[in-house]
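Colleague: Next input, structure requested:
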Amino acid sequence: MPLAMYSSLLHVEMCGDDDLRSRILYQDANLLILDKPAGLAVHGGPRTTVHVEGLLPALSAGYRQVPRLAHRLDRDTSGCLVLARHDKALSRLGRLFGAGRIEKTYWAVVRGAPDGESGRIDLPLHKLVDRNGWRVVAASRGRAAVTEWVRRGGADGVTWLELRPRTGRTHQIRVHCASGLGCPILGDPVYGPPSGMPLHLHARAIAVPYWADRPPIIVVAPPPPHMEAALRACGWAG
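Modeller: The predicted structure is shown next:
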């Protein structure tokens, strides 16, 4: 299938409290996990009036505190987003994320095909800032960044990858695919060629070992509609 046929208009449907509540994948007295839609920012800004943080009061559900973000996803990345219901949970989740004990699994559809069926990208990253904005680049002086990947399928000109970041750097997977594998993610406007299609990167699953004496909380998010055609072409059965 030609790359142009994977292109679709990205539409953020979520703009109200009911929409946010409908995207809860898991909840208990300590945490919630949302299926964040692509195109919805996590934090607000001068030109960002609709964002996850501003909608969180709708998830209080009788608790005294409004849930808070335990980590973040890029605006154009969809999938599993973890929230803490109270201060103690936020602290515990912060320690787990900081220690690398929370397992994050991403799906991406990339241009081209990497060498081999699996591998490990060990490529330090550095954030460059100038008058035109910022971007992340591979640099020996950068912060350590490691991503493991497995090829899940492929089609003419594209490959479906499953990726597990072992560090949590900004834009890590996007730069590692583009610079480490030579396979930029479809629709990446910063690290890939212009295409007009939305970013094909999805936080597919997360495993949170919240309690030391219990199995981890494992949550899986369905792929967003704009990725389905490319994933099916690569062998995803749906």
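Colleague: Looking at residue 201 now. What's its pLDDT?
Modeller: Residue 201 carries a pLDDT value of 98.
Colleague: got it, and residue 6?
Modeller: On the pLDDT scale, residue 6 gets 51.
Colleague: Also residue 3?
Modeller: pLDDT, residue 3: 55.
Colleague: residues near residue 144, how many?
Modeller: 11 (other C-beta atoms under 10 Å). For glycine as for every other residue, the C-beta is placed from the backbone atoms N, C-alpha and C.
Colleague: Same question for residue 72.
Modeller: The burial count for residue 72: 17, using other C-beta under 10 Å.
Colleague: What strand or helix carries it?
Modeller: Using DSSP states H and E, residue 72 is not contained in any helix or strand.
Colleague: Surely residue 63 and residue 85 touch.
Modeller: Yes. Applying C-beta atoms under 8 Å as the test, residue 63 and residue 85 come out as touching, 5.7 Å apart.
Colleague: Looking at the two, which one has more neighbours?
Modeller: The neighbour comparison of residue 63 against residue 85 (other C-beta under 10 Å) goes to residue 85, with 22 against 11.
Colleague: how near is that one to residue 53?
Modeller: Separation of residue 85 from residue 53 (C-beta to C-beta, to the nearest Å) stands at 15 Å.
Colleague: what does residue 33 give?
Modeller: Distance of residue 33 to residue 53, given as C-beta to C-beta: 16 Å.
Colleague: okay, these two: which has more neighbours?
Modeller: residue 33 (24 against 17).
Colleague: who does the helix or strand hosting the more buried one touch, helix- and strand-wise?
Modeller: Using DSSP H and E, residue 33 maps to strand 31-36. Under the contact definition 3 or more C-beta pairs under 8 Å, 6 or more residues apart in numbering; DSSP states H and E, strand 31-36 sits against strand 24-27, strand 78-84, strand 201-208, strand 217-220.
Colleague: one more time with 6 Å, if that's ok
Modeller: When contacts are defined as 3 or more C-beta pairs under 6 Å, 6 or more residues apart in numbering; DSSP states H and E, strand 31-36 packs onto strand 24-27, strand 78-84.
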